[in-house]
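Student: next one to model:
(one chain, ligands or ions: 1)
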Amino acid sequence: MRVTKPVFTGLLALAPLLVSMAAEPAVTLTIDVAHPVHEVSPMLHGIFFEDINYGADGGLYAELVQNRSFEHAEHLYAWGTVNRDAQGTVTVESGDPLNAKNPHYVRLVVQDAGRGFGVANYGYGGIAVRAGENYLFSARARAGADYHGTLRAVIEDETGRPLGECQTTGLSAQWQKFDAVIKSSGAAAHARLVVLATAPGRVDLDMISLFPENTWKRRPNGLRADLVQMLADMHPAFMRFPGGCIVEGMDLPNRYQWKDTIGDIAERPENWNRWQDAIGDQTAPQYYQTCGLGFFEYFQLCEDIGAAPLPILNCGMACQYESAQLVPLDQLRSFVQDALDLVEFANGPATSEWGSKRAAMGHPEPFHLKFLGVGNEQWGEPYFDRYRVFRAAIKAKYPDIQIVTPAGPGVGDRWWELAWTKFRGGLPADLVDEHYYRGPRWFLDNAVRYDDYDRAGPRIFAGEYAAHDNGRRNNLRAALAEAAFMTGLVRNSDLVTLSSYAPLFAKAGATQWTPDLIWCDNTRVFGSPSYYVQLLFSRNRPDAVLPLKLAGACLKADEFPGRIGVGTDDSAAEFKDVVVTKDGSTLYHSEFSGDSSDWKASGGAWAFVDGALRQTAVEGSAHAFAGDPAWSDVTLSLKARKLGGRQGFVVSFQAAADGLPTRLLLGSNGNTQNMLEIGGQLWSTYQRDVPGTIETGRWYDVRVVSKGRSIKCYLDGKLVSEAIRRNVQPLYAVAGLDRKSGDVVLFAVNPNEKATDSIIDLEDVTGVTTGSRAIVLTSASADDENSFEVPARVSPHEEALPAAGARFLHTFPANSLTVLRLNIPQ
Ligand code: AHR
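Tutor: Residues are numbered from 1 along each chain as shown. This is a model prediction of the structure:
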């Protein structure tokens with residue numbers, strides 16, 4: 001690369017374009033091509049997998065039969081009896097089962113087999129089959145001595161028309177596995193698998209299974225090829241598994257236990273899925289984990305798609321929001337041993353105890369495990385007590401394993417605060433796992449989140465994140481906010497070395513959590529706009545970050561002047577001792593006597609009573625504002641007391657004439673939470689982050705400190721909400737160098753409704769050559785989503801860029817992510 005730059009080359013290239021550009025370019029992006037700041041973590045962009053939204057069973061795991069082992073609480077769930085001019089009974093039995101881990105099976109007792117007697121499975125909302133394709137049927141069966149028939153398995157379409165079948169013979173008094181191939185003559189979206197006895201007598205059946213032959217890499221017990229392809233296309237650097245809350249379990253018996261997920265699938269005990277009672281989109285009481293997609297299949301998938309495995313293990317704690325069960329420290333040994341054994345299962349020689357199990361499953365070579373998570377969204381001293389035990393044991397035996405340690409379920413709350421106090425206070429940690437499920441605005445404002453983070457502490461794993469746009473599914477607005485945030489992850493990838501969007505999969509009509517990255521039904525799949533954001537960042541990840549300066553009159557400074565206020569939503573409250581200070585000087589002190597006319601109220605019933613400003617209507621919204629619209633960087637303190645109603649009270653600040661005030665909602669959401677609302681968006685859309693109840697009749701001290709972009713809110717001296725507020729910028733960007741191609745890679749996000757014209761100024765190069773391109777993700781509206789019908793409405797398109805000088809114009813369309821790959825002459 002040449003480092004001398006003819007000063008005016010760029011301007012010449014600029015001249016013809018300037019003619020067509022209506023206004024002065026808004027932003028100049030100056031990229032110092034010759035002086036990389038730091039390397040970009042090669043692990044930066046990965047994926048997070050959890051069996052939520054039927055992501056595993058019914059989703060990625062290609063098994064077509066639901067409840068194949070009859071171990072759901074409703075043992076015959078997804079099954080029906082088939083009686084074709086026959087006489088018989090179907091019962092669920094548990095005497096002398098297939099094995100102790102799979103204790104239930106069905107018994108057919110047939111008096112008259114007629115045209116067939118047996119059971120039919122309806123899959124996950126139907127079994128989808130394709131014409132001309134093979135399906136692998138298997139079942140465990142045994143028969144009474146009186147039975148002289150065969151076992152007939154038929155794929156039938158929704159009208160009962162047979163599409164293919166097989167017959168197995170040789171049933172005996174012992175459990176045996178029967179395998180056969182069924183070729184489907186036709187296609188059906190809602191087929192069923194019918195398994196029939198063909199003669200009178202007794203037949204016991206278990207583990208009735210049907211897989212497409214055409215799974216990913218045509219593996220038996222395999223994964224859906226189309227879904228794996230979506231993952232492979234992302235080029236993920238790592239894959240987190242198996243979650244998520246599922247790691248923790250609602251209670252300890254429900255926790256994910258990796259040892260239950262390897263070996264013969266008939267020996268893997270089924271576990272109920274902790275998402276079955278989710279109060280999200282839908283409950284699914286018969287949602288179970290077969291663990292057919294277990295740890296072996298997971299490691300194999302990682303290997304296939306070139307992702308480093310990153311398992312998260314239970315640390316002796318069940319979900320702290322639910323049962324909060326704890327394993328006493330003196331009984332933690334087996335949990336720690338499970339962690340050590342997992343490393344051996346992944347990496348140990350084929351002669352070792354656990355390595356031999358891996359080898360027996362067909363993979364004598366190691367899986368090269370380098371990361372291990374201890375706990376999911378754990379917090380507090382009980383966690384750190386357990387973490388220390390795990391860490392000591394893991395590091396003693398496997399010093400090179402990088403341990404992932406949660407910072408709690410969210411950021412900015414007291415649990416997160418405690419975690420960082422510990423890590424910065426000397427508690428060793430390799431990778432701290434931070435999670436954020438917030439509004440799009442949070443992501444925009446947090447594009448700079450890590451710019452000033454302390455580099456002396458542990459590295460960060462942005463382990464779960466997604467922008468939640470007021471309950472909408474997956475729109476472009478949310479995706480662009482994530483993209484803006486990700487420019488910050490790349491810029492700070494010396495610190496944030498791993499990141500993953502969550503959750504990964506959603507099965508349409510069966511979701512417990514939205515938004516999600518990839519949507520599927522039984523035959524189709526599409527990526528959300530967020531999917532394309534992840535894909536673009538991952539596939540264009542540069543090797544090093546280049547210094548990038550943004551300049552321009554339209555860049556907005558992070559100043560938020562405004563008045564202050566108090567109020568209520570469906571409650572009555574009173575306020576007193578309102579004080580506003582700035583740099584130690586008092587700007588305002590309330591009197592609340594007869595002529596405090598500086599307060600302007602709307603809604604509610606306001607009065608000055610006993611030196612307080614009292615609002616007594618318990619329904620509707622009521623607000624009163626005071627002060628100077630020019631006040632900025634102030635500290636507001638006051639006393640507040642709830643008098644009645646269903647919520648707490650509201651403290652407002654930064655109330656500018658041309659925008660919504662910032663509001664601290666104390667005892668919001670039915671008096672269960674404290675929240676911060678900025679620009680009309682709740683700072684915490686993750687409902688469990690900040691529990692908070694305001695007692696009636698008690699005076700509380702409230703203090704809000706706003707300085708520049710920082711907001712800190714305290715209740716009775718305790719931090720309850722913290723935010724970084726920024727003005728929405730015309731562009732969020734990061735630049736890097738792709739050493740292999742020599743390309744300068746620029747990620748630029750314009751989340752605004754109008755295009756941003758810019759000058760790109762490349763320092764120390766002569767210009768860009770043909771072969772340069774812009775990859776653009778945009779759509780007509782920020783509300784746009786993808787769907788099965790229009791799967792690529794929001795998807796990237798590529799444009800060739802003309803050769804140009806080192807300084808050229810580029811317009812970033814409204815609502816867009818652009819990846820510029822600039823070919824630099826070598
Ligand atoms: O991604 C969905 C859930 O969000 C995960 O299971 C959990 O870790 C987080 O609360």
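Student: so, low pLDDT: which residues of the stretch 651-800 of the chain?
Tutor: Residue ranges of the stretch 651-800 of the chain with pLDDT under 70: 683-690.
Student: which residues of it lie near the ligand?
Tutor: Contact residues, the stretch 651-800 of the chain versus the ligand (Cβ under 6 Å from any ligand atom): none. Where you see a C-beta, it was placed from the backbone N, CA and C, and this is true even at glycine.
Student: any idea how many residues pack against residue 95?
Tutor: Residue 95 has 8 neighbours, counted by other Cβ atoms under 10 Å.
Student: does it sit in a helix, a strand or a coil?
Tutor: On the three-state scheme (DSSP: H, G, I helix; E, B strand; the rest coil), residue 95 is labelled coil.
Student: return the per-residue confidence for it.
Tutor: Predicted confidence (pLDDT) for residue 95: 96.
Student: how is this protein divided into domains?
Tutor: Domain assignment for the chain by automatic domain parsing gives 7-36+729-823, 45-55+219-541, 79-214, 563-724.
Student: pLDDT at residue 415, what is it?
Tutor: For residue 415, pLDDT reads 89.
Student: so what touches stretch 66-74?
Tutor: Contacts with stretch 66-74, where a contact means Cβ atoms under 8 Å, 6 or more residues apart in numbering, come from 57-58, 75-79, 92, 102-106, 121-124, 206-209, 266, 269-270, 272, 285-286, 288, 290.
Student: of the domains of the chain, which stretch is the most buried?
Tutor: Stretch with highest mean neighbour count among the domains of the chain: domain 45-55+219-541 (a mean of 21; mean count of other Cβ atoms under 10 Å).
Student: so it, near the ligand or not?
Tutor: Yes - shown here: domain 45-55+219-541 in contact with the ligand (Cβ under 6 Å from any ligand atom) through 50, 52, 243-245, 376-377, 409, 464, 502-503, 513.
Student: adding secondary structure and pLDDT, write these out as CSV.
Tutor: Listed next are these as CSV, based on DSSP: H, G, I helix; E, B strand; the rest coil; pLDDT from 0 to 100:
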residue, secondary structure, pLDDT
50, coil, 98
52, coil, 97
243, coil, 96
244, coil, 96
245, helix, 97
376, coil, 98
377, coil, 97
409, coil, 91
464, strand, 98
502, coil, 98
503, coil, 98
513, coil, 93
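Student: need the CA coordinates for stretch 448-458. CSV is fine.
Tutor: Extracted in CSV, the C-alpha atoms of stretch 448-458 (Å, rounded to 0.1, in the frame of the first residue of the first chain):
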residue,chain,number,x,y,z
VAL,A,448,-20.2,4.2,22.2
ARG,A,449,-20.8,2.0,25.2
TYR,A,450,-17.4,0.4,25.2
ASP,A,451,-15.3,3.4,24.0
ASP,A,452,-14.4,4.4,27.5
TYR,A,453,-14.5,1.0,29.2
ASP,A,454,-11.6,0.1,31.5
ARG,A,455,-9.2,-2.0,29.5
ALA,A,456,-7.4,-3.3,32.5
GLY,A,457,-10.2,-5.7,33.5
PRO,A,458,-11.4,-8.9,31.8
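Student: if you average the pLDDT over it, what comes out?
Tutor: So the average pLDDT for stretch 448-458 ends up being 92.
Student: now do that stretch: distance to the chain's middle.
Tutor: Centre-to-centre, stretch 448-458 and its host chain are 22 Å apart (Cα atoms, centre = their mean, to the nearest Å).
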